[in-house]
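In: Got a predicted model here, sequence first, then my questions.
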Amino acid sequence: MKWSYFPRNQRITNDLLNVIDVFNRNNNHINSSEHKLKSDEVLHSIANGLEEIGYSVEKSKRDEDKIKMPVLYGECGKPSLNFEADAFNPSNNIVIEVEAGRAVTNYQFLKDFFESCCMDDADYLCIAVRLLYRKNDDYKKVCEFFDAMYASNKFSIPLKGILIIGY
């Protein structure tokens, strides 16, 4: 397992270190060099550990089991647009997205980034991707993207930090 925190000039928070610990404790079950799990299977493997540290975790693809994050509000302050997260901790405003095969090939990590930037309560984003997918180093490619984005200094990023985990 590997991880990188952005921006690189800031120290990672203890709350995010706790997320890394959950992934580490489950590495034998989710390691992408040994297992070819779907993202939902990885999320299921780490769900109990995340719940133990205060996260709500998506239980299934049924509407009532999804984690809905408000983006826009309509009449009487009722959310009129929500994006979904795989897991969320309301005490530290960390959104977690777990990806597998589509992380880089379909640029799912960019969609995760965009959506978390729009979420009202999101301060931090954690994206977990496979270390290797079809002989491609997905973790490295995602980290290179965020390195370039932060180094270019051309974007105003509304998140306090982004954690990339390679499992």
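Out: Received, thanks. Numbering: from 1, shown residues only.
In: Next one: Met149 relative to Leu110, how far apart?
Out: With the distance defined as C-beta to C-beta, to the nearest Å, Met149 ends up 10 Å from Leu110. To be clear about C-beta, it is placed using only N, CA and C from the backbone, and glycine gets the same treatment.
In: What of Arg11?
Out: For Arg11 relative to Leu110 (C-beta to C-beta), the value is 26 Å.
In: how many neighbours does Asp121 have?
Out: Counted with other C-beta atoms under 10 Å, residues neighbouring Asp121 total 13.
In: do the same with Arg62
Out: 8.
In: swap in Val19?
Out: 27.
In: try Arg25
Out: For Arg25, using other C-beta under 10 Å, the count is 13.
In: Same question for Lys66.
Out: 15.
In: Phe114 should be in a helix, yeah?
Out: Yes: remark: Phe114 belongs to a helix, assigned using DSSP: H, G, I helix; E, B strand; the rest coil.
In: tell me the contacts of it?
Out: Applying C-beta atoms under 8 Å, 6 or more residues apart in numbering to Phe114 gives no contacts.
In: From Phe23, how far out is it?
Out: 23 Å.
In: of Arg11 and Leu110, who's got more company?
Out: Leu110 (14 against 8).
In: Not counting sequence-adjacent ones, nearest residue to the more buried one?
Out: Among residues not flanking Leu110 along the chain, Phe145 sits closest, at 7.8 Å (C-beta to C-beta, 6 or more residues apart in numbering).
In: what do you get for Leu16?
Out: Leu163 (5.0 Å).
In: Same check on Asp121?
Out: Closest to Asp121 by C-beta to C-beta, 6+ apart is Asn93, at 5.4 Å.
In: Could you pull up phi and psi at that neighbour?
Out: phi 60, psi 40 (degrees, to the nearest 10).
In: And it, how far from Met119?
Out: In terms of C-beta to C-beta, Asn93 sits 9 Å off from Met119.
In: Quick check: what element follows the helix or strand hosting Glu41 along the chain?
Out: Per DSSP states H and E, Glu41 falls inside helix 39-52. Later in the chain than helix 39-52, the nearest helix or strand by DSSP H and E is strand 56-57.
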